[in-house]
Structure formats: structure tokens, C-alpha cells
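> got a sequence here, can you build the structure:
(one chain, ligands or ions: 1)
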Amino acid sequence: MATAKVKKGEGTTRSYHVADESLAPMGKNRILWADRDMPVLAEIRARFEKEKPLKGHRMSACLHVTAETANLARTLKAGGADLVLVASNPLSTQDDVAASLVKDYGMRVYAIKGEDNDTYYQHLDAGMRHSPSITMDDGADLVHGLHTTHIEFGKNIVASLEETTTGVIRLQALHKEGKLRFPVFAVNDADTKHLFDNRYGTGQSTLDGIIRATDILIAGRVIVVAGYGWCGKGFAMRAKGHGAEVVVTEINPIRALEARMDGFRVMPMADAAKIGDVFCTVTGNMHVIRPEHFEKMKDGVYVCNSGHFDIELDLKGLAKMSKKVDKNVVPFVDRYTLASGNTVNIIAEGRLVNLGAAHGHPASVMDMSFATQALTTEHAIKSAKKLKAEVYDVPKQIEDYISTLKLKTMGIKIDKLTPDQKKYLSTWEMGT
Ligand code: ADE
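Purely as a prediction, here's the structure:
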């Protein structure tokens with residue numbers, strides 16, 4: 001995989017930093033292609049264009065730089081925000097999209113697919129140095145920086161928005177310790193986000209990443225899913241639909257029961273390791289698959305992660321127990337040969353397989369996630385005076401607006417409560 005390296009500091013001093021500006025024409029095509037499937041966001045963008053509700057706000061967004069994110073960025077800019085966009089993962093950037101955002105949409109973007117760690121942090125720095133009044137994170141890296149190394153750039157923050165489960169968990173921990181310095185919105189926890197993006201988005205895009213990288217037939221394989229949250233549920237459902245035998249591992253008894261009653265086998269990773277053909281972690285925790293598991297695996301297995309950070313697989317442990325590592329045996333697959341002679345194929349370096357080896361969630365589902373982001377940004381600005389340094393939910397009216405509009409754009413009508421039904425739901429006397 002190409003690794004983009006810049007000189008120390010270079011990533012922060014430039015006014016943008018992308019891999020190759022000549023890729024812009026294809027990037028623009030892909031942005032507009034995704035836009036066809038993002039009608040809710042388009043409607044919000046049209047209103048933002050007229051009303052400019054974000055005017056006067058400096059925004060820094062640390063998100064996966066994809067065609068779908070580009071359409072969110074266009075919406076925020078249409079609303080009047082002065083936006084800097086930086087990558088939230090070293091492998092997830094679509095270089096053509098990043099190029100088009102700079103060349104065609106005049107945006108400041110810092111994101112290069114395959115960027116090394118130094119470059120990643122220089123890009124993050126650029127986001128913080130923008131001295132934002134609003135931040136948007138996918139994984140809480142901006143908020144983390146604004147609470148640690150770059151506190152001085154967080155002085156004007158009105159609110160911060162968080163896109164992912166892992167980020168919300170980090171923010172709640174920060175709040176619990178009494179250290180949260182500004183209000184944050186848990187966008188991930190909105191029904192319009194996690195019920196669709198985490199479940200159907202991750203379900204499809206994770207399978208897509210595995211298939212694109214390996215070209216294997218899913219039917220007939222044993223697929224081990226570690227973690228049965230919304231992402232794990234979605235992936236297990238889609239793997240089953242492709243004819244795999246799905247095994248779930250969990251640490252939470254309720255989720256383990258849910259998995260069992262959804263029809264999957266449930267067992268500890270130590271047992272699953274012996275029977276799996278494909279392994280995918282979606283837990284949000286570290287070292288879910290460790291040397292003691294790699295050791296037990298069959299020859300030639302495929303192992304990947306679709307959780308936010310690349311810590312779910314203990315790859316250092318795997319490297320130590322391997323006598324050979326062949327990088328990129330095919331694009332996005334590294335083959336580790338163990339002392340026993342068995343091989344383990346790691347996909348997308350243990351980073352998010354759906355964005356590393358595929359294009360992430362489809363636009364239709366990101367439409368709802370990013371509509372939630374755009375409207376919550378507007379809400380945060382409108383209610384700025386009332387907000388405290390707490391973790392807030394997305395207001396229910398925003399969820400209702402988005403779900404109603406999404407149904408309309410899909411041509412789906414639903415029933416309305418009759419007056420009698422409304423009355424029934426509001427009394428306690430009727431019914432026994
Ligand atoms: N997260 C998962 N899929 C994504 C996508 N297509 N764009 C932005 N963020 C994502």
C-alpha cells in the first residue's frame with residue numbers, strides 16, 4: 001500500500017493537503033453519483049443555501065473522506081460554515097473525492113489514502129488549528145486533541161458532534177471524569193443513525209470489503225463475528241444471507257442471547273478460532289483476537305476488523321509469532337506465516353475493512369446519518385446559549401423529520417393515528 005509521507009509540519013502549514021489534484025474529475029463524478037442517493041441531505045442543503053444557519057461558524061470535521069462525506073461538506077458550506085475537513089482514518093480517504101473537494105468545491109481538505117501516522121496527526125492538527133466553533137468527529141480524535149495537546153484551539157467551541165459508537169464511548173468517559181470542556185452531541189445514538197448506518201451500512205459494506213479484497217465465495221464458509229452490537233447484528237445478518245454459517249462471540253449475556261435467538265451459534269473466541277474460515281471484529285474493544293486465538297486457527301483463514309480503531313486484532317502479537325509476513329499478496333491482504341506453517345490473511349491492515357478495502361456504507365444510508373449531522377449542527381448553534389458541557393442526544397424532532405422525509409423520498413406511505421387511537425394512547429382509564 002502506498003504510504004504518503006510529508007515533512008514534519010508540512011501537513012499543518014499547507015492550506016490543504018491531498019494526494020493528487022488531477023484526480024478531481026473522477027472525484028466529482030463520484031460525489032454527484034452518491035448525491036443521487038442522498039435526497040434528504042439535498043433538501044437540507046437547498047434550505048441551508050437560502051437561510052445560511054451556520055454563517056459565522058468555523059467548523060472542523062474529522063470524518064472518513066468519501067463521496068458521501070463530500071455531500072455533507074457541501075451542505076455545511078452551503079449553510080455558511082467555514083469548513084476544514086480532515087481524515088478520520090489513514091486508510092479510508094477516497095483520493096479522487098478529496099481532490100475534487102479542493103479543486104471543484106474550493107474546500108480545505110487534509111486527507112490522503114495510506115497516509116502514515118505522522119501525516120495523520122499533522123492533518124488532525126490542521127483541523128484543530130482552524131480554531132473551530134463547531135467540530136464534527138468520527139471517533140473523537142478532534143475532541144481528544146482539543147482536551148490534551150491543543151486546548152488553546154478549543155476555546156471558542158459551541159458544540160461538538162460525534163458520528164460513531166467508539167467516539168461516544170470516549171466522550172462519555174471524558175464526561176464521567178468531569179473533564180469534558182464543551183457540549184457534545186451523540187449523533188451516533190440517534191435512531192436515524194445507528195439503526196440504519198451501523199446495521200444495514202456496516203452489514204453490507206463489511207461484506208463488500210471482504211469480498212473485494214479476497215474474491216472468496218461466502219456461501220458455505222464459517223464466519224465468526226466478534227461483537228453483536230448494531231454493526232455485528234448487521235454483518236451477521238448479511239453474511240447469513242450470503243449462505244455463510246455464522247458464529248457470534250460476545251462478552252455481554254443479553255447480546256449473546258439475542259444472537260442465539262436470531263439463529264446463530266454463540267461460543268467463546270477460543271472455540272470459534274478452531275472452526276472459523278473468516279473472522280471479523282466489531283466490538284470497539286482491544287485485542288479481541290490475540291496470539292492464543294491465531295495459534296488455533298485453520299490454515300489460510302481471513303481475519304479483519306470493522307470496528308473504528310485498528311486495535312481489535314493484536315497484530316503485533318501476530319507478527320511476533322510469525323516467521324514471515326508477505327505484504328499485499330493481493331491488494332489489501334497481508335499473509336502472515338506462523339511457525340507451524342499455517343497462514344493467516346489479514347485484510348486492510350486490521351483497519352476498518354469496509355472503508356479500507358471498499359467504499360464504506362452506501363450513500364442511501366449515509367443520507368440519514370449526515371442529514372442528522374447537518375440538522376444537529378444547526379440545532380447546536382440555535383441552542384448554544386442553553387448548552388452545558390454535557391453529552392446530549394439528538395432532539396426527537398430531528399429524527400422524526402429525517403425519517404418522515406426519507407420515507408417520502410422512497411415513495412412509502414404509512415398510516416396515521418385516528419382521533420380515537422390518539423385518545424386511547426393518552427389515557428390510563430381505558431383498557432382493562
Ligand atoms: N462511515 C462508513 N461508511 C462511510 C461513508 N461512506 N462515508 C463516510 N463515513 C462512513
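> near the ligand, which residues of the stretch 151-300 of the chain show up?
Proximity of the stretch 151-300 of the chain to the ligand, by C-beta under 6 Å from any ligand atom, involves residues G201, S205. No exception for glycine: its C-beta is placed from N, CA and C like everyone else's.
> mind listing the helices for the stretch 151-300 of the chain?
All helices of the stretch 151-300 of the chain, identified by DSSP state H, counting those that start in this stretch, fall at 165-176, 191-193, 202-214, 230-241, 253-261, 269-275, 291-294.
> got it, and the stretch 1-150 of the chain?
With helices called from DSSP H, counting those that start in this stretch, the stretch 1-150 of the chain shows them at 10-13, 24-35, 39-51, 67-78, 95-103, 117-129, 141-147.
> any low-confidence regions in the protein?
Within the chain, the ranges that satisfy pLDDT under 70 run 1-13, 432.
> need the CA coordinates for the longest helix anywhere in the chain. CSV is fine.
Longest helix of the chain, by residue count under DSSP state H: helix 363-382. Coordinates of each C-alpha in helix 363-382 appear next as CSV, following Å, rounded to 0.1, in the frame of the first residue of the first chain:
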residue,chain,number,x,y,z
ALA,A,363,-24.9,6.8,0.0
SER,A,364,-28.6,5.9,0.8
VAL,A,365,-27.8,5.1,4.4
MET,A,366,-25.2,7.9,4.8
ASP,A,367,-28.0,10.2,3.7
MET,A,368,-29.7,9.7,7.0
SER,A,369,-26.6,9.8,9.1
PHE,A,370,-25.4,13.0,7.5
ALA,A,371,-28.8,14.6,7.5
THR,A,372,-28.7,14.0,11.3
GLN,A,373,-25.3,15.6,11.5
ALA,A,374,-26.3,18.7,9.4
LEU,A,375,-29.6,19.3,11.4
THR,A,376,-27.9,18.7,14.7
THR,A,377,-25.2,21.3,13.8
GLU,A,378,-28.0,23.8,13.1
HIS,A,379,-29.7,22.9,16.4
ALA,A,380,-26.5,23.2,18.4
ILE,A,381,-25.9,26.7,17.1
LYS,A,382,-29.6,27.8,17.7
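> and it, does that touch the ligand?
Yes: shown here: helix 363-382 in contact with the ligand (C-beta under 6 Å from any ligand atom) through M366.
> buried residues in that helix?
Using 16 or more other C-beta atoms under 10 Å as the test for burial, helix 363-382 gives 363-381.
> neighbours of E295, how many?
15 (other C-beta atoms under 10 Å).
> show me the contacts for it.
A273, M321, L338, S340 (C-beta atoms under 8 Å, 6 or more residues apart in numbering).
> and the residue of the stretch 301-432 of the chain that's closest to the ligand?
Residue of the stretch 301-432 of the chain nearest the ligand, by C-beta to the nearest ligand atom: G360 (2.9 Å).
> burial count for that residue?
Look at G360: counted by other C-beta under 10 Å, it has 25 neighbours.
> give me the helices and strands touching the lengthiest strand in the chain, please.
With secondary structure taken from DSSP state E, the chain has its longest strand at strand 322-330. Packed against strand 322-330 by the contact rule (3 or more C-beta pairs under 8 Å, 6 or more residues apart in numbering; DSSP states H and E) you find strand 333-338.
> hmm, who's touching the strand it packs on?
With contact meaning C-beta under 8 Å, 6+ apart, strand 333-338 is reached by 213-214, 294-295, 302, 318-319, 321-329, 343-347, 349.
> residues near A270, how many?
With other C-beta under 10 Å as criterion, A270 counts 12.
> verify the stated contact: E349 with L91.
Yes: look at E349 against L91 with C-beta atoms under 8 Å: they come within range, at 6.9 Å.
> flag every residue of the stretch 301-432 of the chain that's near the ligand.
L355, G360, H361, M366.
> keep only those of those residues that are in helices.
Those of these lying in helices (DSSP H): L355, M366.
> how about S22, nearest residue that isn't a chain neighbour?
Spatial nearest neighbour of S22, chain neighbours left out: A99 (7.2 Å); criterion: C-beta to C-beta, 6 or more residues apart in numbering.
> kindly apply the preceding question to T69 instead.
L63 (4.8 Å).
> show me what the one you found is bridged to.
Under the criterion DSSP bridges, L63 forms beta bridges with A87.
> quick revisit: of the helices of the stretch 151-300 of the chain, which is nearest V184?
For these, distance to V184 was read as C-beta to C-beta. The smallest value, 5.1 Å, belongs to helix 165-176.
> got the contact list for that closest one?
Under the criterion C-beta under 8 Å, 6+ apart, residues 137-140, 143-144, 147, 162, 180, 184, 186, 188-189, 194, 198, 229-231, 284, 307-309, 389-391 lie in contact with helix 165-176.
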